[in-house]
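Enquirer: generate a structure from the sequence data that follows.
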Amino acid sequence: MNTKIREAVMLHKDLVLPPYDEIIDLNGIDAIAAFSRAFSGSSVYVPSLKSIFKDCIDTEIHTQYNGKKIRSLAKDYGLSERYIRNLVKDLSLLV
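Expert: Residues are numbered from 1 along each chain as shown. Model (predicted):
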């Protein structure tokens, strides 16, 4: 990014539209510049982290499940016991 543009943005960051101002605060101006280069002109939906990492979390729960850890797994991953039960039930149907 051009040095003059970087300076102007940092001097007048209060004029940057949300949520881009928050991205700059959290990750720096280079993060929003890279995001813009990658997705400029497209419509981007940003799902929750649980949605983004769902398959990873579900796989790890399957790995850790021993038949008796439903409450513990639910607490560890911030999920309901019902969700864990359904997840491991689906696993038993695959076997």
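Enquirer: for this protein, longest helix please?
Expert: For the chain, the longest helix by residue count, based on DSSP state H, is helix 81-94.
Enquirer: ok, and what's touching that helix?
Expert: The contact list for helix 81-94 (Cβ atoms under 8 Å, 6 or more residues apart in numbering) reads 58, 61-62, 65, 70-71, 73-74. C-betas here are computed from N, CA, C, even on glycine.
Enquirer: same deal with stretch 58-78?
Expert: Residues outside stretch 58-78 that contact it (Cβ under 8 Å, 6+ apart) are 50, 57, 79-81, 83-85, 87-88, 91.
Enquirer: returning to that earlier point: and the longest helix of the chain, what's buried?
Expert: 84, 87-88 (16 or more other Cβ atoms under 10 Å).
Enquirer: do stretch 20-30 as well
Expert: Within stretch 20-30, the residues scored as buried using 16+ other Cβ under 10 Å are 23-24, 29.
Enquirer: coming back round to it: closest to Thr3 out of the buried residues of helix 81-94?
Expert: Comparing these against Thr3 with Cβ to Cβ picks out Leu87 as the nearest, at 50.9 Å.
Enquirer: can I get the buried residues of helix 81-94 in TSV with pLDDT?
Expert: Below are these laid out as TSV (pLDDT from 0 to 100):
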residue	pLDDT
Ile84	94
Leu87	91
Val88	88
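Enquirer: burial of Ile52, as a residue count?
Expert: 11 (other Cβ atoms under 10 Å).
Enquirer: where does the prediction get shaky in this structure?
Expert: Flagging of the chain using pLDDT under 70 yields the residue ranges 91-95.
Enquirer: give the buried residues for stretch 52-71.
Expert: 57-58, 61, 65, 70.
Enquirer: off-centre distance for it?
Expert: Distance of stretch 52-71 from the chain centroid (Cα atoms, centre = their mean, to the nearest Å) equals 18 Å.
Enquirer: what of stretch 73-81?
Expert: For stretch 73-81, the distance to the chain centre is 18 Å (Cα atoms, centre = their mean).
Enquirer: now stretch 62-75
Expert: For stretch 62-75, the distance to the chain centre is 23 Å (Cα atoms, centre = their mean).
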